[in-house]
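>>> here is the input, now give the coordinates:
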Amino acid sequence: MPTTSVDNSIRSPVFLGLLLSSCTLVSEVCAQQPGYVMWLTNNGPGPLSGLFYAPTMSASPWQVTQPTQRGVAPSPIVALPGNRHLLVNETDTGSGSTFYLFSRDARNYQSLFRSPPIPPLGSGTPWSCLVDQEGDLVVLPYGADGLYRLRTDMSWERIGVLTPPPPGGRYTRRLIVDLDSGDYIVSHDVGIFRVRPTGETLTISTAPFHATAQDPETGEFLLWNGTALMKMTGQGVITFSGISWPYTTHAPEFMLIDDHPSTLGEYIIVANGTRSLGSQVSRISRWGGPYATGLQSPSSCSGMVFDQNLNVSTARAGVRNKWDVLIDFASDAGYPYVCLASKTGYTPGIGLSDGRRIRLQVDSITALGIAGMLPGSNGLSGVLDSRGTAVGQIDLSGIGPAARGTPFWLVGIVLDPAAPSGIRRISPPVVVQIR
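Have a look, this model is predicted:
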């Protein structure tokens with residue numbers, strides 16, 4: 001383990017130079033490929049139900065973490081702030097839903113809470129959900145007329161009003177956070193909407209596609225139209241990506257973006273077949289090229305996340321616009337880290353000579369953070385503890401209302417003089433919106 005003073009290594013002109021330009025040797029890039037955690041449902045083909053873990057795309061057979069064996073309908077899974085737990089929803093047919101914590105370290109489940117019915121539905125069936133920058137649970141319910149946030153008193157608060165689905169229609173789409181702004185992006189049968197945390201709702205597109213991912217290379221949203229991958233700007237302009245879906249037995253349901261190796265990156269496509277064909281997971285370069293099909297299951301896959309990919313996350317620290325910054329690099333205990341900030345954006349970022357990219361635009365607050373002089377912040381640099389974790393804080397609670405809606409971005413970096421470019425690990429970017 002490195003023994004150099006972390007303060008000196010982070011604040012030195014040498015490190016600043018490393019950060020602002022691609023500089024040192026080109027050698028083997030530190031392995032950073034994630035495993036995959038999937039939710040399989042037997043509400044369709046196959047006998048498998050519950051959470052399953054695959055350490056690589058070519059893993060076979062699938063390795064069971066400890067499936068719940070309870071839920072049978074599609075159930076969202078969400079990585080929680082801190083990067084060590086997943087929130088698993090057990091979709092019930094009656095009123096309300098039961099949520100479980102899955103511990104990545106202990107590999108066990110703990111019953112967390114049972115939610116009340118979501119008004120005015122009289123049920124509690126989340127079709128898609130996320131835990132936002134405040135640590136709040138935000139849900140897009142099946143057939144609902146808006147997004148709902150779970151209050152601390154266990155009641156539901158509607159945020160944003162959506163066009164009701166047509167007769168026989170349903171909200172079977174996705175809910176993601178816009179990396180450009182921190183707003184919620186909602187897709188369902190009648191279009192794609194931007195919902196601001198204050199509740200303001202804007203129609204981005206009336207196309208009946210579903211946005212399941214956002215590419216940090218360009219900021220574009222990725223949509224499937226059934227046979228081809230489309231790209232959409234934040235203003236709703238849709239273009240063909242040049243990538244078609246070559247398989248006839250499986251239809252794409254959703255996708256992730258593996259941005260770890262380099263700016264070449266890969267799209268990870270989850271596709272489900274008919275009731276007898278199960279699911280398959282395929283990969284293709286974001287620039288096109290041949291597909292590679294890896295993971296396959298006899299059961300349908302209705303949720304998938306990268307394993308321990310939330311290296312930097314935030315949670316509200318008691319008052320508005322004050323956050324704990326949770327840093328987690330499980331494989332890097334004892335190494336120095338720095339959490340960089342930017343008010344400018346995340347793309348195109350900083351290209352390193354070894355092919356990796358830091359998804360952050362360097363500006364004045366980046367430099368202040370490196371120097372340890374960023375107002376309202378502490379703990380954004382230091383040494384990771386024995387679990388590979390650290391906690392910092394950003395306090396903007398005194399900021400005026402004129403800043404409401406303004407985003408800023410964070411990226412975590414683990415330093416290692418023996419690694420390419422002196423950087424052992426780079427986190428994905430996260431956006432935080434001043435509220």
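
>>> in a strand, residue 365, correct?
No - counting by DSSP: H, G, I helix; E, B strand; the rest coil, residue 365 falls outside a strand, being helix.

>>> count the residues that sit near it.
19 (other Cβ atoms under 10 Å). For every residue, glycine as well, the C-beta is placed using N, CA and C.

>>> could you do the one 5 residues further on as well?
Applying other Cβ under 10 Å, we find 22 residues neighbouring residue 370.

>>> what does residue 184 give?
Residue 184 has 22 nearby residues by other Cβ under 10 Å.

>>> hmm, residue 160 and it touching each other?
Yes - counting by Cβ atoms under 8 Å, residue 160 is a contact partner of residue 184 at 7.4 Å.

>>> list residues touching both of the two?
147, 195, 196 (Cβ atoms under 8 Å, 6 or more residues apart in numbering).

>>> what residue spans form the domains of this structure?
6-30+311-426, 36-306 (automatic domain parsing).

>>> what about residue 280, distance to residue 342?
To residue 342, residue 280 is 38 Å away according to Cβ to Cβ, to the nearest Å.

>>> of the two, which one has the most company?
More neighbours surround residue 342 than the other of residue 280 and residue 342, with 22 against 19 (other Cβ under 10 Å).

>>> show me the shaky parts of this structure.
1-34, 42-47, 59-75, 91-95, 120-125, 144, 164-172, 261-264, 275 (pLDDT under 70).

>>> and the helices in it?
With DSSP state H, the ranges of helices along the chain come out as 6-11, 13-20, 364-370.

>>> which residue lies nearest the spatial centre of the protein?
residue 310 (7.0 Å; Cα atoms, centre = their mean).

>>> pretty sure that residue contacts residue 327?
No - judged on Cβ under 8 Å, residue 310 makes no contact with residue 327 at a distance of 10.2 Å.

>>> now the end-to-end length of stretch 231-241.
With Cα to Cα, to the nearest Å as the measure, the first residue of stretch 231-241 is 6 Å from its last.

>>> who's in contact with that stretch?
Here stretch 231-241 makes contact (Cβ under 8 Å, 6+ apart) with 178, 180-181, 192, 194, 203-205, 207, 209, 211, 215, 218-223, 228-230, 288.

>>> one more pass at 10 Å, please.
The contact list for stretch 231-241 (Cβ atoms under 10 Å, 6 or more residues apart in numbering) reads 178-181, 183, 185, 191-192, 194, 202-207, 209, 211, 214-215, 218-223, 225, 228-230, 242-243, 267, 286-288.

>>> out of the residues you listed, which sit inside strands?
If you go by DSSP state E, those have 185, 191-192, 194, 202-205, 211, 214, 221-223, 228-230, 242-243, 267 in strands.

>>> list the contacts of residue 87.
So residue 87 contacts 76-80, 99-102, 112, 129-131, 137 (Cβ under 10 Å, 6+ apart).

>>> okay, and the beta partners of it?
residue 78, residue 101 (DSSP bridges).

>>> same thing with residue 201?
With DSSP bridges as the rule, residue 201 is bridged to residue 195.

>>> how far away is it from residue 188?
For residue 201 relative to residue 188 (Cβ to Cβ), the value is 12 Å.

>>> how about residue 271?
Taking Cβ to Cβ, one finds residue 271 at 20 Å from residue 188.

>>> likewise for residue 356?
36 Å.

>>> repeat for residue 39
To residue 188, residue 39 is 20 Å away according to Cβ to Cβ.

>>> picking that back up, Serialize the domains of the chain to JSON lines and add fields for distance to residue 435.
Formatted as JSON lines, the domains of the chain follow (distance: least, Cβ to Cβ, whole Å):
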{"stretch": "domain 6-30+311-426", "distance to residue 435": "6"}
{"stretch": "domain 36-306", "distance to residue 435": "6"}
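
>>> what is the neighbour count of residue 334?
Counted with other Cβ under 10 Å, the neighbours of residue 334 add up to 12.

>>> between residue 310 and residue 327, which contacts overlap?
Common neighbours of residue 310 and residue 327, using Cβ under 10 Å, 6+ apart, are 82, 83, 427.
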